[in-house]
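Visitor: sequence and predicted structure, then a few things I'm wondering about:
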Amino acid sequence: MKNKKILVTVTAALLLSPLSSSAKYDENEKRIKGSITTRGSLQADFPKLAKISAREAVRIAKEKMPGTVHSVSFEEEDGYLVYSVEIISKESTQHELLVDAGNGGVLSTTLEFFDAAH
């Protein structure tokens, strides 16, 4: 019972506390605009809405950014359906490419440094 009281207290504190400036939406952050919106759709129906496969998304991403595919996932981003394809380049940099699940367009590319030792 003690754990439940703590959880309720922490939850209430989080709900009642003002947001810090770091938790606010960054207006300078670039948002994507895809071709398949998730509005009005159930999450369980998302895979049926995709017009391209994960395999096609990987092919498109590798054409844009050669390297080794680290991971692929089907996601909702900014209210649109995308494939997130992470590629490790020969220079040991990690790139995340968001590929539109509708038309195959590359919506964004993010560069992150990859630590090959981990």
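Guide: That came through, no problem.

Visitor: and the strands in the chain?
Guide: Here the chain has its strands, by DSSP state E, at 68-77, 80-88, 93-100, 106-113.

Visitor: contacts only, for the residue nearest to residue 74 when sequence neighbours are not counted.
Guide: Of all residues not flanking residue 74 in the chain, residue 83 sits nearest, at 5.8 Å (CB to CB, 6 or more residues apart in numbering). Glycine gets a C-beta too; all of them are placed from N, C-alpha and C. Residue 83 sits next to 52, 54, 57-58, 61, 72-75, 98-99, 101 when contact means CB atoms under 8 Å, 6 or more residues apart in numbering.

Visitor: for residue 89, same thing?
Guide: 65-67, 95.

Visitor: so which of the strands of the chain is nearest residue 37?
Guide: Taking CB to CB, strand 80-88 is the member of the strands of the chain nearest to residue 37, at 6.0 Å.

Visitor: next, the angle from the closest one to strand 93-100.
Guide: 160 degrees (axes from the mean of the first three to the mean of the last three CA atoms, to 10 degrees).

Visitor: residues near residue 95, how many?
Guide: Applying other CB atoms under 10 Å, we find 19 residues neighbouring residue 95.

Visitor: how near is residue 86 to residue 111?
Guide: 11 Å (CB to CB, to the nearest Å).

Visitor: spit out the residues that contact the two alike.
Guide: 94-95.
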